[in-house]
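Novice: build me a structure from this.
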Amino acid sequence: MKITQIEVHEIHPPFAPFNGEEVRLYLGPAYDTRTIIAMHTDNGLEGLGEMTSPLTEPVKVWLERLKGTNPAAWLAHSELPIWLAPAIYDLVGKYNEVPAYQLFGPPVRSWVPMGYWTISRTPDKMAEEVKHAASLGYTWLKYHTDWCHNAIEQTRAMQEVAPPGFKIHYDLNFDNTVEQVLSLATQLARFPVAGLIEDPLRIFDIEGHKLLRQKCPLPIVFHHLPLGGREALLGLADGYMLGHAPVGMVVRRAGVFEAANVPFMLQNVGGNITRALVLHMAAAFEMATLHHVTDTFQWAEDVVSPQFEAVAGTIQVPQEPGLGVHLDREALERLKCAEQPPLPKALIRVRVSGGPTIYGQPPRSRRDALRLHEKFLPGLGEGYDHLADLDFCYDDGSADFARRWERAQQGPVIE
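Specialist: Okay, here's the model as predicted:
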């Protein structure tokens, strides 16, 4: 079997109507374009992959490298981009007439825990996010905390509406100290909905992680592993995250986590093609017991079927050969021709209790979104329990908005 042809299609699926507009304002145009990759072989098989961006130059180089090769040569490869791995496992699984999980090992579960993801929003909107996630069948909600939001007040609002057993996964952006995290975690732990904390400290603060795990009242999950997964043998966290990593790296680290008897989760952002690969990997790795994250529900439509549905926080593993998803060519052509609606004219608005209201331009990328505090709250210091709240101020046609919009082109407007 050889790869003979590779199709590349840019699509523009609509975002979920529930929160899509605010997600796009907060993250910038990061996910406005996705790329579908269809690999064909000389024996008539088709394998599917995808990216959450336009095709990048490094991936173009990889596509040329794959042509003329046997897909099986790339199984568990330590450098193959995760965007292309689904197509490889799809092809080899179909060729051997087995579900893709059998290429990782015998299955240990047929339903895989899966979490919901969102951006940081005002407390009332975080409560709506919890209700929405629960209505879709999820029992975990992950979000990146934001220094311009108060995580305690967000949690208080989420607790009021959370169903029994529902949990929050706080990603602290690996930019805190042990003292800051302990103060925050102690306050969060008063709420039953508080579940775990991810990336609380700077990546290389090994001693800090040891100390934090001893004292923190909430479980700790460690991402971006500088020691290649050996962190599990040092007891630096209660669980680990393998995010956006090549499959070969995931396979090796999954073995370390099994040896250390610690759980882990996978985080790979994408549509149902990406979700399918995560399901197959998690089906075969014994310690992949934490809720995995794919952000698939960010988009209201996809180009493959089935659309996976969560039941009690889990999703069933496909049993058909390969990934178990099928390309809908009609949907593909329709979403290739679609366009994302223009973003509304809006300003970031940060209101500080007992202080000023600050207006500014929305971020243009996820990285910018995580650094908003540097522009809006430079004098308050670090931490996620400031008495501040961030939302969006939309163009209402008023002279006040026009004035703020004009001034915000030069930097934050403080009133």
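Novice: and the helices in the chain?
Specialist: In chain order, the chain shows helices spanning 20-27, 57-66, 85-96, 123-135, 151-161, 178-188, 206-215, 231-234, 247-260, 272-284, 329-337, 366-369, 373-376, 399-408, with DSSP state H as the criterion.
Novice: most tightly surrounded among those helices?
Specialist: Between these, helix 272-284 has the highest mean count of neighbours, a mean of 26, where neighbours are mean count of other C-beta atoms under 10 Å. In short, each C-beta sits where N, CA and C put it, glycine included.
Novice: quick one, it and helix 85-96 angle?
Specialist: 70 degrees (axes from the mean of the first three to the mean of the last three C-alpha atoms, to 10 degrees).
Novice: pLDDT of helix 272-284, averaged?
Specialist: For helix 272-284, the mean pLDDT works out to 98.
Novice: one more: stretch 64-83?
Specialist: When pLDDT is averaged along stretch 64-83, the result is 97.
Novice: I'd like the helices of the chain as TSV, with distance to P356 appended.
Specialist: Converted to TSV, the helices of the chain look like this (distance: least, C-beta to C-beta, whole Å):
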stretch	distance to P356
helix 20-27	21
helix 57-66	44
helix 85-96	48
helix 123-135	20
helix 151-161	19
helix 178-188	24
helix 206-215	34
helix 231-234	42
helix 247-260	46
helix 272-284	42
helix 329-337	43
helix 366-369	21
helix 373-376	10
helix 399-408	13
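Novice: in terms of mean pLDDT, which of the ones you listed ranks lowest?
Specialist: helix 366-369 (a mean of 72).
Novice: which helices and strands does that helix pack with?
Specialist: Contact analysis of helix 366-369 by 3 or more C-beta pairs under 8 Å, 6 or more residues apart in numbering; DSSP states H and E lists helix 20-27 as its packing neighbours.
Novice: may I have the helix it packs on as CSV, with CA atoms only?
Specialist: As requested, the backbone C-alpha atoms of helix 20-27 are provided in CSV (Å, rounded to 0.1, in the frame of the first residue of the first chain):
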residue,chain,number,x,y,z
GLY,A,20,-19.2,31.6,18.9
GLU,A,21,-19.2,35.3,18.5
GLU,A,22,-17.5,35.9,21.8
VAL,A,23,-15.0,33.1,21.3
ARG,A,24,-14.0,34.7,18.0
LEU,A,25,-13.7,38.1,19.6
TYR,A,26,-11.6,36.7,22.4
LEU,A,27,-9.3,34.4,20.4
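Novice: identify all contacting residues around that helix.
Specialist: 14-15, 31-32, 118-119, 121, 125, 298, 300, 340, 343-344, 346, 362-363, 365-366, 369, 392 (C-beta atoms under 8 Å, 6 or more residues apart in numbering).
Novice: same check on stretch 154-169?
Specialist: Outside stretch 154-169, the residues within contact range by C-beta under 8 Å, 6+ apart are 115, 120-124, 126-127, 129-131, 133-134, 139-143, 188, 191-196, 198, 221, 291.
Novice: can you give me the strands in the stretch 1-150 of the chain?
Specialist: Applying DSSP state E, counting those that start in this stretch to the stretch 1-150 of the chain gives strands spanning 3-11, 34-41, 46-51, 111-113, 116-118, 140-144.
Novice: quick check on the contacts of helix 20-27: which are buried?
Specialist: Of the members of these, the ones counted as buried by neighbours, 16 or more other C-beta atoms under 10 Å, are 15, 31-32, 118-119, 121, 125, 298, 346, 362-363, 369, 392.
Novice: now render the strands of the stretch 1-150 of the chain as TSV, adding distance to L323.
Specialist: As requested, the strands of the stretch 1-150 of the chain are exported to TSV (distance: least, C-beta to C-beta, whole Å):
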stretch	distance to L323
strand 3-11	16
strand 34-41	12
strand 46-51	7
strand 111-113	14
strand 116-118	21
strand 140-144	24
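Novice: export these to a markdown table and tack on mean pLDDT?
Specialist: Below are those laid out as a markdown table (pLDDT from 0 to 100):
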| stretch | mean pLDDT |
| --- | --- |
| strand 3-11 | 98 |
| strand 34-41 | 98 |
| strand 46-51 | 98 |
| strand 111-113 | 98 |
| strand 116-118 | 97 |
| strand 140-144 | 97 |
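Novice: so which of those gets nearest P306?
Specialist: Closest of those to P306 is strand 46-51, at 13.4 Å (criterion: C-beta to C-beta).
Novice: same for the closest one, what does it pack against?
Specialist: Applying 3+ C-beta pairs under 8 Å, 6+ apart, we find strand 46-51 packed against strand 34-41, helix 85-96, helix 272-284.
Novice: as JSON lines, these with distance to G397 would be great.
Specialist: Formatted as JSON lines, these follow (distance: least, C-beta to C-beta, whole Å):
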{"stretch": "strand 34-41", "distance to G397": "34"}
{"stretch": "helix 85-96", "distance to G397": "47"}
{"stretch": "helix 272-284", "distance to G397": "40"}
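Novice: so for R202, which of the ones you listed sits nearest?
Specialist: Proximity of these to R202 was assessed by C-beta to C-beta; the nearest stretch is helix 272-284, lying at 27.5 Å.
Novice: could you dump that closest one to CSV, C-alpha only?
Specialist: Once side chains and other backbone atoms are set aside, the C-alpha atoms of helix 272-284 remain, and they are given as CSV (Å, rounded to 0.1, in the frame of the first residue of the first chain):
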residue,chain,number,x,y,z
ASN,A,272,-14.6,15.0,14.7
ILE,A,273,-11.6,13.6,12.7
THR,A,274,-9.3,14.7,15.6
ARG,A,275,-11.8,13.6,18.2
ALA,A,276,-12.0,10.1,16.6
LEU,A,277,-8.2,9.6,16.9
VAL,A,278,-8.3,10.8,20.5
LEU,A,279,-11.0,8.2,21.2
HIS,A,280,-9.0,5.4,19.7
MET,A,281,-5.8,6.3,21.6
ALA,A,282,-7.7,6.6,24.9
ALA,A,283,-9.4,3.3,24.3
ALA,A,284,-6.1,1.5,24.3
